[in-house]
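>>> Provided below are the primary sequence and the corresponding predicted coordinates.
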Amino acid sequence: MKWLLRKRYTLTSCLIMALLALVQFSSPAYAQATDPPCLHGMRIVGEQNIYLSHMGLFNSSCHDYQGIFEVAFEGANNPQSKYLNAQKSNSNQNEFTLEPTENFILPDLASGKITSFKARLHPGQYERKTGDIREREVLDKNVTVKVKRVLYFHQFKPGAKQPTFSEYLLFGSGTNEQLAAHLITAPPDFDQIVSLKTTLPLTNTELAKAVRLVLPNRPTPDAKENLRLVFKPGEKPAVRVNGKDPNQIIEAGQQYFLETEDYRK
């Protein structure tokens with residue numbers, strides 16, 4: 001009897017260990033058990049390379065992330081060239097958005113579990129267009145989006161506090177094209193991406209992940225007034241790369257978009 005009990009105990013222990021190992025090795029780094037598959041709208045920026053910025057929401061079981069990805073567009077109608085030409089051709093139309101045509105779990109995209117998805121490309125913010133206008137304003141209806149690298153990915157935390165000083169995330173390609181995205185922390189907040197007119201002396205290796213820029217002369221004000229932190233084209237603030245001295249001066253170029261409505265609460 002004792003031998004039988006020991007055998008059952010050993011088998012049970014082995015089964016538990018096997019199940020734990022299966023969970024450990026089958027779960028991606030960013031997996032969230034409560035995340036359902038959703039349609040994840042993105043903004044498109046860049047004039048040399050193509051980057052996507054996830055259109056997030058606070059207090060959402062699906063969209064509570066800030067994510068920046070470098071991607072390539074593939075399709076029969078050469079959507080990559082379509083976007084790049086459209087972005088460069090009209091200085092008054094800087095905002096382009098991507099509308100996925102299939103559901104997926106965003107952390108799976110960030111972890112590399114999935115590396116591509118189907119989408120449509122739109123000039124302007126596609127979610128705020130309706131009816132025939134939305135159908136007319138489509139840059140390409142059948143695009144395969146392939147993720148080249150994840151530059152930044154972070155889940156919003158309930159109760160998070162704004163940083164002491166304004167912060168942006170720098171990404172791009174060496175000194176050829178650098179972009180800065182506002183770090184989104186807690187409501188009310190805003191999402192913004194601007195290009196830099198004067199780039200920082202950083203290599204592609206250093207920019208493989210978004211570089212944190214702290215603006216030491218721009219303290220975070222009362223949350224109701226946080227739009228005072230917005231980068232304005234032509235502005236030349238001092239920044240600290242990864243929060244470290246010395247201060248360096250950059251100049252803001254064109255603004256791709258400024259989103260406040262989705263981050264009010």
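Happy to help now that I have it. Numbering: from 1, shown residues only.
>>> from here on, contacts and neighbour counts on C-alpha atoms
Noted.
>>> any idea where the helices of the stretch 51-200 of the chain begin and end?
Assigned helices in the stretch 51-200 of the chain, in chain order: 79-89, 106-111, 131-136 (criterion: DSSP state H, counting those that start in this stretch).
>>> hang on, isn't residue 142 packed against residue 120?
Yes: here residue 142 reaches residue 120: they are 5.9 Å apart, a contact under Cα atoms under 8 Å.
>>> Start and end of stretch 69-87, how far apart?
18 Å (Cα to Cα, to the nearest Å).
>>> Please tell me how far it is from the chain's geometric centre.
Put simply, stretch 69-87 sits 18 Å off its chain's centre (Cα atoms, centre = their mean, to the nearest Å).
>>> which other residues reach it?
With contact meaning Cα atoms under 8 Å, 6 or more residues apart in numbering, stretch 69-87 is reached by 46-53, 93-94, 139-140, 142-152.
>>> what's the average pLDDT for that stretch?
Mean pLDDT, computed over stretch 69-87, is 96.
>>> Which among the helices of the stretch 51-200 of the chain is found nearest to residue 41?
helix 106-111 (10.6 Å; Cα to Cα).
>>> what's the offset of that closest one from the middle of its chain?
Centre to centre, stretch against its chain (Cα atoms, centre = their mean), the figure for helix 106-111 is 11 Å.
>>> Then stretch 192-210?
With Cα atoms, centre = their mean, you get 15 Å for stretch 192-210.
>>> So for that stretch, mean pLDDT?
When pLDDT is averaged along stretch 192-210, the result is 92.
>>> and what of stretch 247-265?
Per-residue scores along stretch 247-265 average to 92.
>>> Endpoints of it, how far apart?
First-to-last residue span, stretch 247-265, Cα to Cα: 33 Å.
>>> And for stretch 104-118?
10 Å.
>>> in that stretch, what counts as buried?
104-113, 116-118 (16 or more other Cα atoms under 10 Å).
>>> With stretch 56-66 instead?
56, 57, 58, 62, 63, 64, 65, 66.
>>> Now the two most distant members of the residues you listed.
The widest separation within the buried residues of stretch 56-66 (Cα to Cα) is 11.6 Å, between 62 and 66.
>>> Can you lay out the buried residues of stretch 56-66 as CSV showing distance to residue 41 and pLDDT?
Shown next, in CSV, are the buried residues of stretch 56-66 (distance: Cα to Cα, whole Å; pLDDT from 0 to 100):
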residue, distance to residue 41, pLDDT
56, 8, 96
57, 11, 96
58, 15, 95
62, 12, 93
63, 9, 95
64, 12, 96
65, 12, 98
66, 12, 98
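>>> Columns distance to residue 254 on top of these, output as CSV?
Formatted as CSV, those follow (distance: Cα to Cα, whole Å):
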residue, distance to residue 254
56, 22
57, 25
58, 27
62, 31
63, 27
64, 27
65, 25
66, 21
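>>> In strands, which of the residues you listed appear?
65, 66 (DSSP state E).
>>> follow-up on the earlier one: pick the most deeply packed of the helices of the stretch 51-200 of the chain.
helix 106-111 (a mean of 21; mean count of other Cα atoms under 10 Å).
>>> Do me a favour and average the pLDDT over that one.
pLDDT averaged over helix 106-111 gives 96.
>>> Tabulate the CA atom coordinates of that helix in PDB.
What follows is helix 106-111, C-alpha atoms only, in PDB (Å, rounded to 0.1, in the frame of the first residue of the first chain):
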ATOM      1  CA  LEU A 106      -1.500  42.700 -29.500                       C
ATOM      2  CA  PRO A 107       1.000  41.200 -27.000                       C
ATOM      3  CA  ASP A 108       1.400  38.300 -29.500                       C
ATOM      4  CA  LEU A 109       2.600  40.900 -32.100                       C
ATOM      5  CA  ALA A 110       5.000  42.400 -29.500                       C
ATOM      6  CA  SER A 111       6.400  39.000 -28.500                       C
END
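>>> For the protein, just list every one of the strands.
Using DSSP E, strands in the chain cover 42-45, 50-54, 65-74, 96-100, 116-123, 140-155, 165-173, 177-182, 191-198, 211-219, 238-241, 248-249, 251-259.
>>> Mind listing the strands the shortest one pairs with, and their directions?
Meaning strand 248-249. Paired neighbours of strand 248-249 in the sheet (DSSP bridges): strand 238-241 (antiparallel).
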